[in-house]
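J.: need a structure here:
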Amino acid sequence: MSFGNLQKIRDGKRTFGITPHIPGGFITTDIMQKIVDVAKKYDGVLKITSGQRILITNLKQEDLLIIWKELGMEPAVRTQNSVKNVEMCPAGYCKRSKFNTIGTGMKLSKKYQWMEVPCRTKIGVAGCRNACGSVYSKDVGVIADKTGFIVTAGGSGGYNPRMSDIIAVDINEKQTLNLVDSIFDYYKGNAEDGEKLGFFIDRIGLEKFKHEVLKGIEDSAKE
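T.: Predicted structure coming up:
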């Protein structure tokens, strides 16, 4: 597959855009240079996206397959109803961070990136309560504080904006990862096709949702 999105058609000219997967928005200078070289070679236009990725647009459809081959990278999005990305703040390099959540975010990225879910889903991870990266607008959020982690769910910054709900506070990293597992398990097992996590929470009620997903950290809390 070419994994290209049709962009705006002007004067009958059809151009396409591709978005390579860049875990957490952290990229090496070598990979950055490769993206620049490929974009220049095929007259691409680069756009830094809100999802901490680099869109290469203004491409011809017939060039997409060879471009992916030359990049040697995975597409950021493979299917519509999946985990699209895990956005992270630069916690390990920030004076305000209370915990280096880059490692936490990468654990989540490795586990959930591209996972099939009822509706498109984003995860946000931040190292302090400033929650850079708009974590409270993400479907699932992880925020570090002095006293532990905060986990949120149900946010959306798109067509139907919704502030996320706080599911747990002052839990450790292991409990946090277990809770995220529980949220995804319950969401995948009970939501309707095409139903955003926030809409699912609104439909069944926040208290029921919290009761069900918090079972996922009970065992780890006893350890």
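J.: quick one, what contacts Lys34?
T.: 70-72 (CB atoms under 8 Å, 6 or more residues apart in numbering). (Each C-beta comes from the backbone N, C-alpha and C, glycine too.)
J.: out of the residues you listed, which is most surrounded?
T.: Leu71 (18 neighbours; other CB atoms under 10 Å).
J.: Redo the contacts of Lys34 as JSON lines? Include distance to His211 and secondary structure.
T.: JSON lines is the format used below for those (distance: CB to CB, whole Å; DSSP: H, G, I helix; E, B strand; the rest coil):
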{"residue": "Glu70", "distance to His211": "51", "secondary structure": "helix"}
{"residue": "Leu71", "distance to His211": "45", "secondary structure": "helix"}
{"residue": "Gly72", "distance to His211": "46", "secondary structure": "coil"}
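J.: The residues you listed into JSON lines, with extra columns for distance to Pro161 and pLDDT?
T.: Compiled in JSON lines, these are given as follows (distance: CB to CB, whole Å; pLDDT from 0 to 100):
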{"residue": "Glu70", "distance to Pro161": "38", "pLDDT": "97"}
{"residue": "Leu71", "distance to Pro161": "33", "pLDDT": "97"}
{"residue": "Gly72", "distance to Pro161": "37", "pLDDT": "96"}
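J.: Isn't Val142 up against Val135?
T.: Yes: using CB atoms under 8 Å, Val142 is in contact with Val135, at 7.4 Å.
J.: who's more crowded, those two?
T.: Ranked by neighbour count (other CB under 10 Å), Val142 and Val135 place Val142 first, with 28 against 25.
J.: Identify the residue nearest Phe16 in space, chain neighbours excluded?
T.: Nearest residue to Phe16, sequence neighbours excluded (CB to CB, 6 or more residues apart in numbering): Gly4, at 3.9 Å.
J.: which residues touch the one you found?
T.: 16-18, 59, 61, 64.
J.: from the residues you listed, which ones fall inside helices?
T.: Residues of the contacts of Gly4 located in helices (DSSP state H): Leu64.
J.: what helix or strand does Phe55 sit in?
T.: Residue 55: Leu, not Phe. strand 54-59 (DSSP states H and E).
J.: Please apply the same query to Lys208.
T.: For Lys208, the host element (DSSP H and E) is helix 206-213.
J.: list the buried ones in that helix?
T.: 209-210, 212-213 (16 or more other CB atoms under 10 Å).
J.: cool, stretch 96-104 as well?
T.: Going by neighbour count (16+ other CB under 10 Å), the buried part of stretch 96-104 is 97-99, 101-102, 104.
J.: and if you look at stretch 104-122?
T.: Using 16+ other CB under 10 Å as the test for burial, stretch 104-122 gives 104-109, 112-114, 117-122.
J.: send the alpha carbons of it over as CSV?
T.: What follows is stretch 104-122, C-alpha atoms only, in CSV (Å, rounded to 0.1, in the frame of the first residue of the first chain):
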residue,chain,number,x,y,z
THR,A,104,6.6,6.0,29.9
GLY,A,105,5.5,7.3,26.6
MET,A,106,7.7,5.1,24.6
LYS,A,107,6.4,2.0,26.5
LEU,A,108,2.9,3.1,25.5
SER,A,109,3.9,3.8,21.9
LYS,A,110,5.5,0.4,21.5
LYS,A,111,2.4,-1.3,22.8
TYR,A,112,-0.4,0.7,21.3
GLN,A,113,0.7,2.4,18.1
TRP,A,114,-1.5,1.1,15.2
MET,A,115,-3.7,-1.0,17.6
GLU,A,116,-7.2,-1.5,16.2
VAL,A,117,-9.8,0.3,18.4
PRO,A,118,-13.5,1.2,17.9
CYS,A,119,-12.6,4.7,16.8
ARG,A,120,-9.5,6.8,16.1
THR,A,121,-7.6,7.3,19.3
LYS,A,122,-4.8,9.5,20.6
